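**Q** Sharing a sequence plus its predicted fold:
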Amino acid sequence: MLTDLKEREITEIKTLALKEKEIAKKDPYYMINQGLLYIKTKDMRNVPLIPNRVQRHLMAIINKALLSNKPVRIHVLKGRQFGISTLVESLIYSIVSQHDNINALCIADDVDGANYIFEMSKHFHEELKKRSPHLASEEKKSNEKKLVFPTSQIMIDTALNPTAGRKFTYHLVHISESAFFRNYNSTMLALNQTVPDLAKTIIIDETTANGIGGGFYMAWKRAKAGQSNWIPLFLPWFWHEEYTLPLECETMKFEVGLTPEEREARQHYNLTLEQINWRRYTIENKCNGDVKKFKQEYPSNDTEAFQSTGHCVFDTHALDYYTAQIVMSPKYRGYLRVKDMEQVEFIPHDDGYFEVWENPKPNESYIVGADVGVGAGVTEDAGGKDANDGAYSAAVVLKRRTKDTVALYHARLDPIKFAE
């Protein structure tokens with residue numbers, strides 16, 4: 001009887017294991033939600049991954065996109081230490097380890113970043129083998145560049161590799177710190193061709209900001225304007241549950257002591273006093289007392305993220321103020337085509353790089369101020385697209401008598417063409 005009992009118990013255990021394996025295959029979030037994937041924490045512990053608020057929000061966005069039976073394409077703009085890379089890697093591992101014939105790629109801005117993220121997948125697998133071996137697929141190979149299961153695999157690469165993302169067909173892609181890629185546009189062009197436009201395929205492009213301009217910035221703007229199928233997802237610092245600090249004095253005393261800038265931030269984003277306290281502590285102790293540096297590392301909105309990063313000569317708050325004063329749209333816009341260095345033809349186009357507020361008048365004098373950008377990108381004279389990353393070239397036409405701006409040219413253009 002004891003033998004029969006043990007056999008029944010073994011049979012039941014095997015049946016339950018098979019059922020759980022089937023559930024994990026159907027639900028990509030099962031292993032995450034059940035705490036079956038382990039991570040190394042900031043305080044050097046090995047604990048189950050329990051998604052925080054921002055991670056849960058991203059999970060919901062991905063799940064909604066998956067249920068739509070369309071390709072999942074998401075740009076994630078975030079602050080520091082949100083755990084987004086961890087969440088994306090856990091999802092990729094959950095899918096690849098439970099399905100056949102899946103190719104996944106993690107591509108980061110440099111080797112250290114790629115290796116750090118890839119180690120997460122290997123750690124998920126090693127811990128799962130110890131704790132839930134029935135869910136851990138057999139591995140055929142595990143090295144510094146790939147984790148291979150019988151018919152599926154997770155690979156890594158860096159944006160420093162000029163052929164990154166060109167060799168295979170991928171179904172899942174995690175792009176990390178893409179705003180810092182040497183050439184965002186060419187890397188994304190390669191990846192977009194290797195990932196088929198099929199339901200359940202996923203590309204998640206997550207990064208902190210790196211100033212205004214560049215490939216990610218333009219891709220983000222297109223997504224926000226609805227000009228692409230990518231979902232733009234911004235994650236503000238105050239969504240993170242860890243970014244709060246208990247008050248060390250009475251609530252009333254702390255509230256009375258708020259600076260005008262803190263009051264404005266609290267009112268605008270509905271922050272708690274504990275969040276303001278964490279913000280104040282972080283500015284003073286981690287950002288050298290510089291509010292701009294805080295906004296660079298922990299932005300509250302996407303505009304702040306881009307304007308607080310990069311290398312801006314002018315005060316970004318002043319730029320915000322003057323930008324807000326612009327209420328008049330140009331009369332028309334289009335492209336300029338230069339012929340034989342003498343004839344100039346204006347071609348109307350809604351996406352043109354030349355904007356005109358006032359037609360030239362024979363009795364007026366005009367001033368043209370120009371600034372040439374690095375010649376990393378080439379734009380066609382008419383109807384062309386930005387071919388590569390690079391700084392913009394700009395020219396402003398002012399009416400001398402009134403100093404009004406009457407025309408503006410703004411494009412990535414070869415310096416020789418810009419001079420013409």
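**A** Yep, that arrived. Since this is a predicted model, take the numbers as computed values, not measurements. Numbers count the residues shown, from 1 in each chain.
**Q** where does residue 160 land on pLDDT?
**A** The model reports residue 160 with a pLDDT of 86.
**Q** Wasn't it part of a strand?
**A** No. Using DSSP: H, G, I helix; E, B strand; the rest coil, the assignment for residue 160 is coil, not a strand.
**Q** ok, it - contacts?
**A** If a contact means C-beta atoms under 8 Å, 6 or more residues apart in numbering, then residue 160 has 109-111, 182 as its contacts. Every residue, glycine included, has its C-beta placed from N, CA and C.
**Q** out of these, who has the most neighbours?
**A** The most crowded member of the contacts of residue 160, judged by other C-beta atoms under 10 Å, is residue 109 (22 neighbours).
**Q** Now do the contacts for that residue.
**A** So residue 109 contacts 158-160, 176-178, 180-181 (C-beta under 8 Å, 6+ apart).
**Q** quick one: low-confidence parts of this protein?
**A** 1-5, 308-312, 315-317, 319-320, 324, 327, 341, 374-390 (pLDDT under 70).
**Q** picking up where we left off before, buried subset of the contacts of residue 109 as a PyMOL selection?
**A** Buried members of the contacts of residue 109, defined by 16 or more other C-beta atoms under 10 Å, are picked up in PyMOL with:
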select buried, resi 158+159+176+177+178+180+181
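**Q** tell me which of the contacts of residue 109 is nearest to residue 27?
**A** If you rank the contacts of residue 109 by distance to residue 27 using C-beta to C-beta, residue 176 comes first, at 25.0 Å.
**Q** follow-up on the earlier one: want to try a markdown table for the contacts of residue 109, with distance to residue 292 as columns?
**A** Formatted as a markdown table, these follow (distance: C-beta to C-beta, whole Å):
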| residue | distance to residue 292 |
| --- | --- |
| 158 | 30 |
| 159 | 27 |
| 160 | 29 |
| 176 | 25 |
| 177 | 21 |
| 178 | 23 |
| 180 | 19 |
| 181 | 24 |
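**Q** picking up where we left off before, filter the contacts of residue 160 down to just the ones in strands.
**A** Secondary structure of the contacts of residue 160 is defined by DSSP state E; no position falls in strands.
**Q** Could you provide the residues you listed in a markdown table, with additional columns for distance to residue 266?
**A** Listed next are the contacts of residue 160 as a markdown table, based on distance: C-beta to C-beta, whole Å:
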| residue | distance to residue 266 |
| --- | --- |
| 109 | 34 |
| 110 | 37 |
| 111 | 41 |
| 182 | 39 |
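**Q** Please identify which two of those are farthest apart in space.
**A** Using C-beta to C-beta, these span at most 13.0 Å, a distance reached by 111 and 182.
**Q** Which residues are in contact with the closest residue to residue 290 other than its chain neighbours?
**A** With sequence-adjacent residues excluded and distances taken as C-beta to C-beta, 6 or more residues apart in numbering, residue 290 is closest to residue 283, at 7.1 Å. By C-beta under 8 Å, 6+ apart, the contact set of residue 283 is 289-291, 293-294.
**Q** Pick the one among the residues you listed closest to residue 342.
**A** Of all those, residue 342 sits closest to residue 293, with 50.3 Å by C-beta to C-beta.
**Q** Next, work out how far apart that closest one and residue 97 are.
**A** To residue 97, residue 293 is 40 Å away according to C-beta to C-beta, to the nearest Å.
**Q** These two - which one has more neighbours?
**A** The residue with more neighbours, out of residue 293 and residue 97, is residue 97; 25 against 16, by other C-beta under 10 Å.
**Q** do you know how far the closest residue to that one other than its chain neighbours is from residue 123?
**A** Leaving out its chain neighbours, the residue that sits closest to residue 97 by C-beta to C-beta, 6+ apart is residue 137, at 4.8 Å. Applying C-beta to C-beta, the value for residue 137 to residue 123 is 15 Å.
**Q** Since that was my last question, I'll sign off now.
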